[in-house]
Each structure stands twice: as structure tokens, then as C-alpha cells.
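*Asks:* structure for this input, please:
(one chain, ligands or ions: 1)
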Amino acid sequence: MTIHIGAQPGDIAETVLLPGDPYRAKWAAETFLSDVRLVNEVRGMLGFTGTWNGHPVTIQGSGMGMPSLSIYVNELIKDYDAKTLIRIGSCGGMQDSVAVRDVILAMSASTITSPSHGIFRELNFAPCADWSLLRAAVQAAEAKGTRTHVGGIYSSDVFYDERPDLNEQMVRHGILGVEMEAAELYILAARYGRRALAVLTVSDHLITGEALPSDQRETSFGDMVEIALNAAFT
Ligand code: HPA
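*Replies:* Predicted coordinates for the structure are as follows:
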């Protein structure tokens, strides 16, 4: 047990999928895993462990934003020895070529700041995905026929952003989408020598204003979970 995770040692698999929303963790575990058991409910941040094609998998909510994700990922790595960590979440589309329901595989994640800013200070570290996971996710997405984009994303610290000029610069520099967690996940994976990837579904679009209706979110979310699971075990 850790401060934020009630699981016993051995309850957490080496492969962990991390949706922001704990109820998405429940849905994904019940939909895609076998022999599912609840392993964490501290603060309602649900975590489940089961198997996928015989492989042990944990699906643990990370909460919203990098400070929350940092707590769970630090404990998953340092106390439970998680080795492969894949964020499964939503993002806002930032390019005309990206449509709602498309999947984005985040090759890199730009930030203004993250919980690791205190140690990097004047350094601009470039958080990037694990290549073996990214390559396997591309192959899985192609095999499924999912409309997929691979490139840079923006991990913002705010959902209600009062600085539209920052988004404009991100768009101008080809950033595909905005979310709030991946950069710190990539930084922690780099620090501790683990594999990380963010697989994202475009749920809304900053340029077109389009948003995925709630009844269609589940199906799109399912494609993303399957891509993540296939990538983890390729
Ligand atoms: N901004 C930040 N995070 C997000 C968004 C967004 O527009 N959509 C989904 N996650």
C-alpha cells in the first residue's frame, strides 16, 4: 500500500493503462479484461487488475492534470515496479487534418511547465514516447483501420485557458492536440527507465468547435484501449 494506492504488493501488473477518469478505468477493465478485480479505491481513484489474452494488466485512473498523474505514476513505478505505462485519454484537436474520433499517438509532449519543472529549471527537456510502444501502436491502429495521427501534442496545465496565443503557437508549430497529462508521464518514464506512451481520442476540436456526443465517446474510447493493449504486448 502507498499513500494513494491501496493495492497490495503483487496486485499491480507490470503493464498499466492510465485513463484520467476512474469510471473509464472501470468500464475499460470490465469491457476488455478477464478475471477483473478492484485493486484500488483510495479517494475514489479506481484501479482494476485483470488479464488480456492471458497477460496481466492494471487499469488505474490517474485523475486530471499532471500533478495528479504524477502522484499515481510515481507510486506505480517506485512502489509497484510498473514497467509499461500507457495513458488512454481524450484530447482537443488542434489541426484541420485532425477530426473528432481520430486517434492521436503522441510522439512528443510540449509543456510550459510540469511537476518536474523544479528539477529541470532552465532546461527544456523534450518529453517523448517510448519508440517500441509507439511503433507497435501505429501497427495496431493500422490493423484496426482507425484514423490515426502520429506527432507532437501539447500538455497544458489549464483546461480553461486564458492565453489563446499559446494555443495559436502550438497550432502554428504543427501540434496535433491538447490534453493535460502526457508530458509528465513521459518525463517520469524517462527518469526511471520505463516505457510510456499516450494514446488519445480526439473528443473536441479547438478550431472547428466540434465535440464528440457523449453516446459516441464510448466506442471511440474502445478503439483506443484496444490499440494500447495490442501495443503493450507486441
Ligand atoms: N484542453 C485540454 N485538455 C483537453 C481538451 C482541451 O481542449 N480536450 C480534452 N482534453
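*Asks:* so how far is the helix or strand bottoming out on mean pLDDT in the chain from its chain's centroid?
*Replies:* When the helices and strands of the chain are scored by mean pLDDT, DSSP states H and E, helix 214-232 comes last with a mean of 89. Its chain's C-alpha centre and that of helix 214-232 lie 12 Å apart, by Cα atoms, centre = their mean, to the nearest Å.
*Asks:* is any part of that helix close to the ligand?
*Replies:* No. Counting by Cβ under 6 Å from any ligand atom, the ligand is not contacted by helix 214-232; separation bottoms out at 11.0 Å. Quick note: C-beta positions are derived from backbone N, CA and C, even for glycine.
*Asks:* quick one: the closest residue to the ligand within the chain and residue 11, what's the gap?
*Replies:* Minimum separation of the chain from the ligand (Cβ to the nearest ligand atom) falls at residue 92, amounting to 2.7 Å. Residue 92 sits 34 Å away from residue 11 when distances are taken as Cβ to Cβ, to the nearest Å.
*Asks:* who has more neighbours out of those two?
*Replies:* More neighbours surround residue 92 than the other of residue 92 and residue 11, with 23 against 17 (other Cβ atoms under 10 Å).
*Asks:* on the three-state scheme, that one is what?
*Replies:* Judged by DSSP: H, G, I helix; E, B strand; the rest coil, the three-state class of residue 92 is strand.
*Asks:* residues in contact with it?
*Replies:* Residue 92 makes contacts with 177-179, 202-206, as judged by Cβ atoms under 8 Å, 6 or more residues apart in numbering.
*Asks:* likewise for residue 218?
*Replies:* residue 27.
*Asks:* could you show which parts of the chain are in contact with the ligand?
*Replies:* Counting by Cβ under 6 Å from any ligand atom, the chain sits next to the ligand at 90-92, 156, 159, 178-180, 203-204, 206.
*Asks:* redo that, cut-off 8 Å
*Replies:* Contact residues (Cβ under 8 Å from any ligand atom) of the chain with the ligand: 89-92, 156, 158-159, 161, 177-180, 203-204, 206.
*Asks:* which stretches of the chain form strands?
*Replies:* Listed in chain order, the strands of the chain (DSSP state E) span 15-18, 34-40, 47-52, 55-60, 84-93, 103-110, 148-155, 177-179, 195-205.
*Asks:* ok, and what's touching stretch 21-40?
*Replies:* With Cβ under 8 Å, 6+ apart as the criterion, stretch 21-40 contacts 5-8, 11-12, 17, 19, 44-52, 57-61, 63, 88, 218, 221-222, 225-226, 229.
*Asks:* next, the buried residues of that stretch.
*Replies:* 21-22, 24-29, 32-33, 36, 39-40 (16 or more other Cβ atoms under 10 Å).
*Asks:* bridged to the residue most central in space within the chain, which residues?
*Replies:* Among the residues of the chain, the one closest to the centroid is residue 87, at 1.9 Å (Cα atoms, centre = their mean). Note on residue 87: beta-bridge partners by DSSP bridges are residue 18, residue 198.
*Asks:* got a list of what it touches?
*Replies:* By Cβ under 8 Å, 6+ apart, the contact set of residue 87 is 17-19, 62, 69, 181-182, 185, 196-200.
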